[in-house]
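Enquirer: next come a sequence and a model predicted from it.
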Amino acid sequence: MLRVIAGKYKSRKLKDVKSNLTRPTTDKNKETIYNSVGQFFEGGACLDLFAGSGSLGIEALSRGMTHCDFVDKQYSAIKVIKENIKVLNLDEETMVYQKDALSFLNSTSQTYDLILVDPPYKLDAYQDILDVISSRHLLNKHGIIVMESDHLREVDPKNDLIKIKEKKLGQSKISIFERT
């Protein structure tokens, strides 16, 4: 069962996507992510790519982000994200896009303070995603990208991105990048 770990919506239960195409982020990994980037935020815009149920973006809103865009190409995921948003009354703080992640990144002009990237491990788009975010300046100065990947995956930041932290958790790896 998914739940919000901390903040305004702490302990609220979230629906998850019933599909083998979606892998929910475990509570342990979610804790690691938010312990690494800061427990709470004082506003800011968040992007949850490959959002699944939306639990990572909802966690960011619960911890103080003021807006979150959720992107997933799966209809079942979009449906669950919208249900979770409705239950928590987050309609004013969110936008939901049913779109491929790279297509979204190449078409948006919005910039973000926090970008959460949790694609299917077998998808080989990690480097492309970082490159598009960097080249299109979608991350605000001192903004953070959190990328969850297979523990064997290596991704090298370019241009104005630097890797500031990396942690392996079983078969997963959390990599954190910052825009300088």
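Expert: All right, it came through fine.

Enquirer: enumerate every residue touching residue 147.
Expert: By C-beta atoms under 8 Å, 6 or more residues apart in numbering, the contact list for residue 147 reads 117, 118, 126, 129, 130, 155, 174, 175, 176, 177. Where you see a C-beta, it was placed from the backbone N, CA and C, and this is true even at glycine.

Enquirer: if you could redo that for residue 149, that was the one I meant.
Expert: Contacts were defined as C-beta under 8 Å, 6+ apart; by that measure residue 149 touches 119, 121, 126, 155, 172, 173, 175.

Enquirer: got the residue ranges for the helices in the protein?
Expert: Counting by DSSP state H, the chain forms helices over residues 27-37, 55-62, 75-87, 101-107, 126-135, given from the N-terminal end onward.

Enquirer: and the longest one with helix 55-62, angle?
Expert: Put plainly, it is helix 75-87. 20 degrees (axes from the mean of the first three to the mean of the last three C-alpha atoms, to 10 degrees).

Enquirer: in helix 75-87, what counts as buried?
Expert: Residues of helix 75-87 classed as buried under the neighbour-count rule (16 or more other C-beta atoms under 10 Å) are 77, 78, 80, 81, 84, 85.

Enquirer: quick one: mean pLDDT for that helix?
Expert: Here helix 75-87 scores 96 as its mean pLDDT.

Enquirer: what does the second one give?
Expert: Helix 55-62 carries an average pLDDT of 96.

Enquirer: could you identify the least confident member of the contacts of residue 147?
Expert: residue 155 (82).

Enquirer: didn't that one look like it was pressed against residue 175?
Expert: Yes. If you go by C-beta atoms under 8 Å, residue 155 and residue 175 touch, sitting 6.2 Å apart.

Enquirer: the more surrounded of the two?
Expert: Using other C-beta atoms under 10 Å, the more surrounded residue of residue 155 and residue 175 is residue 175, with 23 against 20.

Enquirer: for that one, give its distance to residue 39.
Expert: Here the distance between residue 175 and residue 39 works out to 19 Å (C-beta to C-beta, to the nearest Å).

Enquirer: mind listing the strands for the chain?
Expert: For the chain, strands defined by DSSP state E occupy the ranges 2-3, 13-14, 45-49, 67-72, 94-98, 112-117, 139-150, 161-169, 172-179.

Enquirer: single out the most deeply packed of these.
Expert: Looking across the strands of the chain with neighbours counted as mean count of other C-beta atoms under 10 Å, the highest average goes to strand 45-49: a mean of 26.

Enquirer: now do that strand: which elements does it pack against?
Expert: When contacts are defined as 3 or more C-beta pairs under 8 Å, 6 or more residues apart in numbering; DSSP states H and E, strand 45-49 packs onto helix 55-62, strand 67-72, helix 101-107, strand 112-117.

Enquirer: partner strands of the second one, with direction?
Expert: Here strand 67-72 is paired, per DSSP bridges, with strand 45-49 (parallel), strand 94-98 (parallel).
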